[in-house]
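Q: Turn this into a model:
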Amino acid sequence: MSKKGRILVAMSGGIDSSVAAMLLHDEGYEVVGMTMKTWDYATSGGSKKTTGCCSLDDINDARNLAVSKGFPHMILDIREEFGDFIIDNFVEEYLAGRTPNPCIMCNTHIKWDALLRRADQLDCEFIATGHYANSREENGRYIVSKGLDENKDQSYVLWGLKQEALARTKFPLGGFTKPEIRQMALDQGFEELAKKNESYEICFVPDNDYRGFLNRKVDGLEQQMLGGKFVDSAGKVLGDHRGYPYYTIGQRKGLGMAFGEPMFVTKIDPITNTVTLGRENELNETSMFVRNVNMQKLERIEDGMEALTKIRYKDSGAMAKVYNQEDGRLKVDFTHAVSAIAPGQSAVFYGGKDVIGGGFIAREKEIPISHSRRLIDKKLSTP
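A: Model prediction:
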């Protein structure tokens, strides 16, 4: 056993997780590499070959690197649990008129749990990933903080991790920039790895056509959704649309109609199959609600606490005051109006570089997934 300890490293086959494994190996950890098989894109009926964390090429790249560095590598098949939870949630969220965060759901409920279970089986004290983030223990709590590279910082997608998971997780790339990581791969002789492109697509929607994916997962959805109306903020009908699940807050392109000026999706109502459109300034809001809150730096938010709040991954954040609600949600009042607050996306609260906590953006009166699903089922069963 290494003096540093035994560590299970999640290896997708991409440059970041590969260099993370190399760094830990060179530091003296006894590394065990693991690639998680989450999804076969061919099973979705799409036209594009499997990419990203699920491709055979990437699995082979991860294994070849492990062999070259002299540590073991294995494959963990989590397709069944991934599909049952992540895919179902992805579909249900769109049917509820929300915009889901599948990667955050996967991190929180699937990947970390799967890694920690297998780590226990393999006598690994720690697990590690290739995220650009940092973590530390302070005052008895484990805290995620921003990575050094502001352009690659991934602390936003880690808000859902519980204390038990963070206590055993290491992020080797937190103190490096992306160019430095590429140079490390070159210095170690992995030229092809250093040239690998970034992967931004959802792993089970690599063609980026989530609407086509929904149609393949819910038989007859598009046909039964026809007849929905575009309206303005006053309720005036502007035209017909394909169906509310095919639109997201802030969307401008792909509306299927010309309005003579740029129009944006400002509201989605799954009960009436109505999509509200407005000018760009109509996307501005000064408050929102947050559900399914997970706290990291603090155990609880004090009413009126100020925090920099990010409402999407590439958001620079805006200052807000946060208040607890009786139903367990948080109410967030922004100092200045922010644009395109999308229910279903994540809100993450920061104190400096530290993640205070986060949750999912919610409507003031949320529509339960079960209710929206019954509405769809009813529509689909209507002759």
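Q: Give me the pLDDT for Met34.
A: pLDDT recorded at Met34 is 96.
Q: for the one 5 residues further on, same thing?
A: Among the per-residue scores, Trp39 holds a pLDDT of 78.
Q: Repeat that for Gly130.
A: 96.
Q: now swap in Asp58 and tell me
A: On pLDDT, Asp58 comes in at 85.
Q: same thing with Ile301?
A: 94.
Q: how deep is it tucked in, by neighbour count?
A: For Ile301, the count of nearby residues is 18 (other C-beta atoms under 10 Å). All C-beta atoms are positioned from the backbone trio N, CA, C, and that covers glycine.
Q: Tell me how far it lies from Gly160.
A: Per C-beta to C-beta, to the nearest Å, Ile301 is found 16 Å from Gly160.
Q: Kindly report the same for Asp26.
A: Distance, Asp26 to Gly160, using C-beta to C-beta: 30 Å.
Q: who has more neighbours, these two?
A: Neighbours per residue (other C-beta under 10 Å) separate Asp26 from Gly160, with Gly160 holding more: 24 against 12.
Q: all helices of the stretch 251-383 of the chain, in order?
A: When assigned using DSSP state H, counting those that start in this stretch, the helices of the stretch 251-383 of the chain occupy the ranges 369-381.
Q: where does it have low pLDDT?
A: Counting by pLDDT under 70, the stretch 251-383 of the chain shows low-confidence ranges at 367-383.
Q: Surely Ile249 is in contact with Val265?
A: Yes: judged on C-beta atoms under 8 Å, Ile249 makes contact with Val265 at a distance of 5.7 Å.
Q: and Leu161, helix, strand or coil?
A: Following DSSP: H, G, I helix; E, B strand; the rest coil, we place Leu161 in the coil state.
Q: and it, what are its phi and psi?
A: Dihedral pair for Leu161: phi -70, psi 130, per degrees, to the nearest 10.
Q: mind listing what it touches?
A: Residues in contact with Leu161 (C-beta atoms under 8 Å, 6 or more residues apart in numbering) are 107-108, 112, 144, 169, 294, 296.
Q: Show me the one in the residues you listed that has more neighbours than the rest.
A: Neighbour counts for the contacts of Leu161 peak at Val144, which has 30 neighbours (criterion: other C-beta under 10 Å).
Q: what domains does the record give for this protein?
A: Domain segmentation of the chain under automatic domain parsing yields 6-194, 218-278, 282-362.
Q: quick one, which of those is nearest to Ile202?
A: Among those, the nearest to Ile202 by C-beta to C-beta is domain 6-194 (5.6 Å).
Q: Can you get me a residue count around the closest residue in space to Met184 that isn't next to it in sequence?
A: Residue nearest to Met184 in three dimensions, not counting chain neighbours: Val19, with 5.3 Å by C-beta to C-beta, 6 or more residues apart in numbering. Using other C-beta under 10 Å, Val19 is surrounded by 25 other residues.
Q: on contacts alone, who are the packing partners of the strand or helix carrying Val19?
A: When elements are assigned from DSSP states H and E, Val19 belongs to helix 15-27. Where contact means 3 or more C-beta pairs under 8 Å, 6 or more residues apart in numbering; DSSP states H and E, helix 15-27 is packed against strand 6-10, strand 30-37, helix 56-69, strand 126-128, helix 178-187, helix 191-194.
Q: if we can go back for a sec, what's the closest of the domains of the chain to Arg211?
A: Of all those, domain 218-278 sits nearest to Arg211, with 4.8 Å by C-beta to C-beta.
Q: quick one: terminal-to-terminal distance for the closest one?
A: The first and last residues of domain 218-278 sit 29 Å apart, counting by C-alpha to C-alpha, to the nearest Å.
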